[in-house]
Each structure stands twice: as C-alpha cells, then as structure tokens.
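J.: Here is a sequence together with a model predicted from it:
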Amino acid sequence: METIREISSFSHDGINQMWYPFSAKLKPYSTIIGAAYYYEIGELIGLIRSMFATNNHHPEILSKPNVRMTKRYLTGSSPPKTACSITFKTDQNEYKLQRCFYEQYSVEAKLHKIGTDIVYHGQNAIQVLTKFHKPLIVSDEHLFRSNSSIFKPINDYSRKTLVALANNWLRMVGIGDSSFDIDYEGRWSLRGDFSHFYVGRHHRAKMPSVHNLFSKLAQAVMKKRTYSMCVPICCPFDIETLNNFEAIAVIDLIKHVCKEEGIQFIVAMNSNNKINSMIDAVEAPNLSIYET
C-alpha cells in the first residue's frame, strides 16, 4: 500500500452553504485555511473527508429508478452536484483525484497518476483508493469521550509525553488554567477551569476547540517520532472564544512545531482579515463580495 505523505492542493465548485468555488495550494508542513464562519469550515472538512472515503460511491442514484428524486433537486438556484479535485503525493507518485458529489453520494470518480497515462474511472478509481494509507480528517471531540484517533499511547512513556506536549503548548499560548490528562486506553480528559470556553449550549458537550487542536497535534508529533511517518492531518479550529492575540499565538506555535517535526497539519479556522494577514492564511472568499 502507498502512504499519502502530502496533500498538494484541492478545489471545489460550491457546496451547500459554502456555495462559492474555492481552491487552495497547500504547503508541505502547515497550512491555515481561513473562512468567515465556522459552519463553512465544517462543510469543507466534511467534503475533504468524503473525497477520501471509499464507502460513499453510488452512481446508481442517478439512474432511471431515481429520476423522480433527481428532478426534485434539479430545480432551484443551487447546483445539484459538487465537483471536487485533490492532488496528493506518496513516496513514489503524485496523483490527482476528482470526484463529483450529489448530496452526500459520490456519483463520478477519476484517479490519475500524474506524469503517466494511467487513469482509473468510476469503481476502479475507488478500488485503487482503498489501497492508500489516507490522510486523517478529524473533527471536534466530545468532552468526555475524546479518544486517540491519530496515535494511541503504546507505553507509559508515550502517554506521559503526549500529556507533556499538549500541556506545555497550552502554557506557551497563555492558557494555563486548564490541563490535559490521558489514560492508558488513550482517552483524553481535561482538568481545571475552562468554563470561559463555553459560549453556547452546543459547546458544552465538546472539548474546547483549542484543546482539541493541541491534542491532535500532540498525537501527530508522537506518531511521527514513533513510526518515522505520519499521514497529513486536517483539523478544524474554532477561535470564537479566543482573542486575536491568542489565536495568532496558537497558529504560530503550530507552524513552528510542524516544521520542526516534519508533519503536514492543515488547520481550517473561522477568522477575520486581520488575523489572516498576520498568519499567511489561505482565505476563502468573503460572502460580502457576492452581495448586490
């Protein structure tokens, strides 16, 4: 099996509420993607996850037995399909993956090995995709059930190192009133006062976003140190409870760690123009430019 080492670029022509076209070239280590709203980030993360999924390819939904359902979605101003493209590298090759989605279903797929005439279509492309070690697309974690989805501690040393890394980063960015712990099964927990991270009822069931981000980064670092490799990681970051200084400090730290450890960590965050300009973010178009 080939292991995906780097995502080079991606694009889409509009998804749901993030209906506008968007493309980005990604850096080898850390890339920050900034959008105005967190719901856009959720849609983007979900689309990237769907691109690498192999259990969602169902072109038959557009066949004749489903014409009635199809016509229902062909009305209205929003396009019924979303076309997406991702280029990625392994140790041996570079590929371009193209898929077309109808709602949550993939209805078209194409995988091209760049620099060759080898091209796979449809189910053949999906079959080849199953043979890759794919990037990890992570999301917000439940506060009381935050598992180690990237790296599970293999001994007491690795468990303590995970905790030490994440807690040290919290202190470095000025969040010293809470700390991590992790049990031998790889379940993360928080101690201390983090009530100021709750800005709404929907946040109370989740680990604060900055804590979720650092727990994932610590796992990526430990995986690279332990196994000398780590697939690209894509993680959301909700900065709603942080001020601009704190948000910039978090991003600067992530950039430094990723470069030092040699890992690709893609952070998709809700932000503003001031923050984006200071952290060299890839900016999604502001919806205000489409207003008439």
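T.: Great, that's in hand.
J.: mind listing the helices for this protein?
T.: Applying DSSP state H to the chain gives helices spanning 38-52, 67-73, 122-129, 156-172, 209-227, 244-261, 273-279.
J.: Identify each buried residue in the third one, please.
T.: Using 16 or more other C-beta atoms under 10 Å as the test for burial, helix 122-129 gives 125-126, 128-129. C-betas here are computed from N, CA, C, even on glycine.
J.: Buried deepest among the helices of the chain, which one?
T.: Comparing the helices of the chain by mean neighbour count (mean count of other C-beta atoms under 10 Å), helix 209-227 ranks first with a mean of 22.
J.: what angle sits between it and helix 38-52?
T.: Relative orientation of helix 209-227 versus helix 38-52 (axes from the mean of the first three to the mean of the last three C-alpha atoms, to 10 degrees): 30 degrees.
J.: tell me what helix 209-227 is packed against?
T.: Here helix 209-227 touches helix 156-172, strand 178-182, strand 233-237, helix 244-261, strand 265-270, going by 3 or more C-beta pairs under 8 Å, 6 or more residues apart in numbering; DSSP states H and E.
J.: So which elements touch the longest one?
T.: Counting by 3+ C-beta pairs under 8 Å, 6+ apart, the packing neighbours recorded for helix 244-261 are strand 30-35, helix 156-172, helix 209-227, strand 265-270, helix 273-279.
J.: let's see 10 Å
T.: Other elements packing on helix 244-261 under the criterion 3 or more C-beta pairs under 10 Å, 6 or more residues apart in numbering; DSSP states H and E are strand 30-35, helix 156-172, helix 209-227, strand 233-237, strand 265-270, helix 273-279.
J.: Ramachandran angles for Ser149?
T.: Phi and psi for Ser149, reported as degrees, to the nearest 10, are phi -80, psi -20.
J.: for it, what are its contacts?
T.: 136, 138-139, 141, 186, 215-216, 219, 233 (C-beta atoms under 10 Å, 6 or more residues apart in numbering).
J.: Max pairwise distance over those residues: which two?
T.: Ser139 and Gly186 (17.1 Å; C-beta to C-beta).
J.: on that earlier part again, pLDDT added to the contacts of Ser149, as CSV?
T.: Below are the contacts of Ser149 laid out as CSV (pLDDT from 0 to 100):
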residue, pLDDT
Leu136, 95
Val138, 89
Ser139, 79
Glu141, 62
Gly186, 90
Ser215, 94
Lys216, 95
Gln219, 96
Ile233, 97
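J.: Which of those residues sits closest to Ala166?
T.: The closest of the contacts of Ser149, once distances to Ala166 are taken by C-beta to C-beta, is Ser215, at 5.6 Å.
J.: circling back to that earlier point, which one of the helices and strands packed on helix 244-261 lies nearest to Glu60?
T.: Here strand 233-237 is closest among the helices and strands packed on helix 244-261 (C-beta to C-beta), at 29.4 Å.
J.: Would you mind checking which of the helices and strands packed on helix 209-227 scores lowest on average pLDDT?
T.: Looking at the helices and strands packed on helix 209-227, the lowest mean pLDDT belongs to strand 178-182 (a mean of 90).
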